[in-house]
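[1] Requesting a structural model of the entry that follows:
(2 chains)
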Protein chains: 2
Amino acid sequence: MDKFIRIDMATRKVTTEAVPEKYKALAGRALTSNFVNDEVKPTCHPLGKNNKLIFAPGMLTGTTAAQSGRISVGGKSPLTGTIKESNAGGTFAQKMAKMGIKAIVLEGMPQGEEFYIIKIDMHGVTIDTSPADILGGCGNYNALAFLAEQYGPKVGIAITGPAGEYRLPSANISFRDPDGNIRSAGRGGLGAVLGSKKVKALVIDDTGAPGVTIHDPEKFKEAARTFARGLTTHAVTGQALPLYGTNVLVNILNEAGGLPTKNFTEGRIDWNTNISGETMNEIITKRGGKVSHGCHAGCIIRCSQHYTDEKGKYVTSGFEYETIWGLGADAMIKDLDDIARIDREMDDLGVDSIETVVAIAVAMEGGLIPWGDGKMALDAVKQISVPTPLGRIIGSGTSIVGKTCGLFRVPIVKDQGIPAYDPRAVKGIGMTYATTPMGADHTAGYTIATNILKVGGYVDPLKKEGQAELSRNLQIATAAVDSTGMCLFIAFAIMDIPEAFNALVDMINARYGTSITADDVTNLGKSVLKAEREFNKKAGFTNLDDRLPEFFEYEALPPHNVVWDFTPEEIDAVYKGL
Amino acid sequence: MDKFIRIDMATRKVTTEAVPEKYKALAGRALTSNFVNDEVKPTCHPLGKNNKLIFAPGMLTGTTAAQSGRISVGGKSPLTGTIKESNAGGTFAQKMAKMGIKAIVLEGMPQGEEFYIIKIDMHGVTIDTSPADILGGCGNYNALAFLAEQYGPKVGIAITGPAGEYRLPSANISFRDPDGNIRSAGRGGLGAVLGSKKVKALVIDDTGAPGVTIHDPEKFKEAARTFARGLTTHAVTGQALPLYGTNVLVNILNEAGGLPTKNFTEGRIDWNTNISGETMNEIITKRGGKVSHGCHAGCIIRCSQHYTDEKGKYVTSGFEYETIWGLGADAMIKDLDDIARIDREMDDLGVDSIETVVAIAVAMEGGLIPWGDGKMALDAVKQISVPTPLGRIIGSGTSIVGKTCGLFRVPIVKDQGIPAYDPRAVKGIGMTYATTPMGADHTAGYTIATNILKVGGYVDPLKKEGQAELSRNLQIATAAVDSTGMCLFIAFAIMDIPEAFNALVDMINARYGTSITADDVTNLGKSVLKAEREFNKKAGFTNLDDRLPEFFEYEALPPHNVVWDFTPEEIDAVYKGL
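    Residues are numbered from 1 along each chain as shown, chains lettered A, B, ... in the order given. Sure, this is the predicted structure:
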């Protein structure tokens, strides 16, 4: 029997309850977003006692389906003030699912300054005072090792780093991966909510767990096989991602003239080979790191890697295009080793690596850090561990860096930093940034697939035609995928290979004994977006928040010399059509 | 013939035009707010090229009417994102009026980093590169002295300090007063807009100006006499303010249990005599400073003063209750000399002394400055002149301090710091904070008059009844008074003394040859508020922005142990009734 675990951090009282009827068919983002819309006061302060934080595995999490190990975290975002769902890999979600825990909900907040560790196993939930060893400046790498030593080598861990303890708006929530390293639910500052509830970490031990029940195991097995075949045969998920990771995109976006450079003033660099995926592959290969690596059991795309230093020592993994773009092109740091060290530091201190890199480039424009100086950028990030005033500014994200520096060229939507794809040169993604309930987030409706990679058809990135529809359809599909517990990268395969999409639906039906259709999946996605929009509206957001920063409208981006030229009505058409 | 001077800072082109028909009957806040609503793109970035800054004297400015020397400054606020009108004393407004300049409008922004000085005299307008001597860390006191030496001892000057050059959200615009000291249009960060347009200062020389024309001089003279008599006979404007300045309020609000203490966690202190107006009077008298002093020619209330140090040296003037409250009770600094030095520093660096003191108390809660440490608070403010990262945080205002410190107890409305009157214990002022188009601003509808001082009747501050109506009526009256060029303190007299109010109307009619009535004054106030609300709505604000921070709803304030308990509907009634 699946259950909800509710923990009131004001009293440390734990309540285990049957899954409420209305949430029985939901999981992942569908569950977290509906829950937040139902139970969180939309006008509450994100760091106050009325915010709630919910962890939920997806519909297929805990099964043997490839890519199904994602955990969704939901709450009201301290960064954006909107509803937020942020998801990650690691081992936490699969253990929850196998233990029949549909959701863990954290409510209330303690009066004191003490931090807690929440331990969940088949015997129940215990809440202990956190050891001081892992508090304050202690980074996530050491804290995870400490906790694994204390609670056993196979536990799942969700943790917030120093940034979350200090409740900085960029703080993320990190999850231990199969190698003991770090995967993060990065965007939107949910680590600060965990910190506000004085929870340093949740430790989950699935020893003795029953595992998930599959209604029709044979059907499931067959569908899972077809699904996996789709992933391994598609050019993106079968070849590009395993070989170069997401960083395959540096050269592609640079070629497209949509690689935001020097805080979004240009769209192309001529030193792209310094930081490209191809170069990264060469470096890793030469140094004996791992070119390809999965973030959770059952991952067959394996877009992650172990990036190593010159002596072959592990530096970081999950070394993503967006991070490399942000510190590379956008902040003009030309040394991939410098970038890797900063990536590690961001993971270690627990800040969103997208928000922070966009913030660093803005801080360079504002004179806080010299342009292109990887050493000074690393030092600035390290200061988050204290935190010094500079550390606080950087850890507060792009919007606040922009304000403290008095700038108008601040790439944000709903106070969240705009990632690695310039909306003037790739217009579909601009529609997503503007309209997603999450604040600027490429993953919310990744039109790069169709605008640039020609997956699921082709919509010319430089023209206005078709972008609203493209963004809408991808936002719907993404909301559904984020509810399955699947990694978003399955989208490449299911958009191009009908059998793979059908297999995904078949797996859900085989798992639950249902008979949902493709239309039901679409409707699920729509209903998630509607719940999210509803929350935001109740929190005070209007269509006027669905806009890109003004400078995109009058600063033309080389090399195409394009501006953002959609009318308000054209932008609003994205959600009018929902 | 009255005129508009428009200056496009992108090209440094100056256009002098006749006053547009629709603005002919408007002045002061009525002019600035209607102009901003008409001409400024509501969704523009406040620091971008599409914001405009307008300076306008009031309807009676330039005449001999007591208290009529205020200058209104309007634009879109970098602090709040709303429309903003901020007004100040000094000599600038009277010179503009005497020269027949109804408004100076700054538009556009230069490409380069060079700052400019705009010089306006009867021969026209010249724009020169600013001398480096007064840029960077140079404070306003030295800069004003430098400019007076360069342009003559009698010029009027509007200037932005280092904070405005750095475009920090708390930057104000300062005006030279008759003694060469500083009066500021403090709230809302309009100094950052001046800085974004790369204007260091405007210098105005009225040599040869024709002066204002009075349509009926005899009638004017008589009305002005009656008006002045009202001011001198009212207990507040005739006795309390001249004797103790606005700081008379420390003991009064403390007695009422509405003096926000230690970042709004208590409502009363027992060391009030350290910082009270009575103590201040004694100190100034003992040291040979000036107890009473006017901020512009024609001021007969003279609520300002020259606060001197132990050696009798001038430290600051316009040493207001809100500043002393904020550094005193709210930040727990118990030494009035420490507070005076910080006040001087804020004026010198050009930050709003209300925003900054509220921010300092929040910074103390956040651990950036030790509680009650006047020396460290002074040091933090001084860092704005560099600016260091801490200086940037403090100079960015309360909201940003709260975010960088991860706090939920952040007293702001529309990102502007809540001043010196706790809305839980003085409920009428909470209605004003919540609903004024300006963001938290006591001057926008000063219900303290009626809730506490029993001016214009009495509405019990601890009860909900009557507060919406009180706030609405005072917001209307204030919008009208801010359009006359009158100091807001005339409100005490005109609320209690019908002859004084009639004399105000008579002065306007005698000046312009009109026959407006009391109803017309009310309608003027309403129309100003409507224009301001309209701008805010177009900028994305809704009723949900008309709310106090959540903690006021659940943290009871001693000694009355009261919370903010209005429903959304009760708050919205303020403007529904307009």
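
[2] For the stretch 351-500 of chain A, which segments are assigned as strands?
    Under the criterion DSSP state E, counting those that start in this stretch, the stretch 351-500 of chain A contains strands at A:412-413, A:416-417.

[3] List just the one of those that sits closest to B:Ala477.
    With CB to CB as the criterion, B:Ala477 lies closest to strand A:412-413 of those, at 38.9 Å. Backbone N, C-alpha and C define where each C-beta goes, glycine included.

[4] burial of A:Gly90, as a residue count?
    As a burial measure, A:Gly90 scores 26 neighbours (other CB atoms under 10 Å in any protein chain shown).

[5] thinking again about what came up before, out of the strands of the stretch 351-500 of chain A, which is the most enclosed?
    Across the strands of the stretch 351-500 of chain A, the average number of neighbours (mean count of other CB atoms under 10 Å in any protein chain shown) peaks for strand A:416-417, which reaches a mean of 32.

[6] For it, name the packing helices and strands.
    Contacts defined by 3 or more CB pairs under 8 Å, 6 or more residues apart in numbering or on different chains; DSSP states H and E place strand A:416-417 against helix A:353-365, helix A:398-404.

[7] For those helices, please prepare a markdown table with the additional fields mean pLDDT and mean neighbour count.
    Output for the helices and strands packed on strand A:416-417, formatted as a markdown table (pLDDT from 0 to 100; neighbours: other CB atoms under 10 Å in any protein chain shown):
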| stretch | mean pLDDT | mean neighbour count |
| --- | --- | --- |
| helix A:353-365 | 98 | 30 |
| helix A:398-404 | 98 | 29 |
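
[8] In a markdown table: those helices, plus distance to chain B.
    Listed next are these as a markdown table, based on distance: least, CB to the nearest CB, whole Å:
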| stretch | distance to chain B |
| --- | --- |
| helix A:353-365 | 10 |
| helix A:398-404 | 4 |
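
[9] A:Asp128: which of these is closest?
    With CB to CB as the measure, helix A:353-365 is the member of the helices and strands packed on strand A:416-417 nearest A:Asp128 (30.0 Å).

[10] on that earlier part again, including mean pLDDT, could the strands of the stretch 351-500 of chain A go into JSON lines?
    Listed next are these as JSON lines, based on pLDDT from 0 to 100:
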{"stretch": "strand A:412-413", "mean pLDDT": "98"}
{"stretch": "strand A:416-417", "mean pLDDT": "98"}
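
[11] Nearest approach to B:Ile333 belongs to which of those strands?
    Taking CB to CB, strand A:412-413 is the member of the strands of the stretch 351-500 of chain A nearest to B:Ile333, at 35.7 Å.

[12] near chain B, which residues of the stretch 251-400 of chain A?
    With CB under 8 Å from any CB of the partner chain as the criterion, the stretch 251-400 of chain A meets chain B at residues A:368, A:388-390, A:392-393, A:395-396, A:400.

[13] With distance to A:Arg287 added, can I get the strands of the stretch 351-500 of chain A in CSV?
    Formatted as CSV, the strands of the stretch 351-500 of chain A follow (distance: least, CB to CB, whole Å):
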stretch, distance to A:Arg287
strand A:412-413, 36
strand A:416-417, 31
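
[14] Can you give me the end-to-end span of stretch A:161-180?
    When the termini of stretch A:161-180 are compared using CA to CA, to the nearest Å, they are 15 Å apart.

[15] for that stretch, what is the average pLDDT?
    Averaged across stretch A:161-180, pLDDT comes to 97.

[16] That stretch and chain B in contact?
    Yes: using CB under 8 Å from any CB, stretch A:161-180 reaches chain B at A:166-169.

[17] Nearest to B:Lys526 among those?
    Nearest to B:Lys526 out of the residues of stretch A:161-180 next to chain B is A:Pro169 (CB to CB; 39.1 Å).

[18] May I have the phi/psi pair for the closest one?
    Main-chain torsions, A:Pro169, degrees, to the nearest 10: phi -60, psi -20.

[19] got it, and A:Ala27?
    phi -160, psi 170.

[20] Contact partners for A:Ile120?
    Counting by CB atoms under 8 Å, 6 or more residues apart in numbering or on different chains, A:Ile120 makes contact with A:5, A:99, A:101, A:104, A:202-205.

[21] before we move on, back to that, in ChimeraX, select just the buried ones from the residues of the stretch 251-400 of chain A next to chain B.
    Selection command for ChimeraX covering only the buried members of these, criterion 16 or more other CB atoms under 10 Å in any protein chain shown:
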select /A:368,389,390,392,393,395,396,400
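
[22] Which two among the residues of the stretch 251-400 of chain A next to chain B are spaced furthest apart?
    The most widely separated members of these are A:Thr388 and A:Ile400, with 14.8 Å between them, by CB to CB.

[23] For stretch A:334-348, buried residues please.
    For stretch A:334-348, a neighbour-count test (16+ other CB under 10 Å) marks A:334, A:336, A:338-348 as buried.

[24] for stretch A:112-124, that is, sorry about that
    Buried-residue list, stretch A:112-124, by 16+ other CB under 10 Å: A:115-121.
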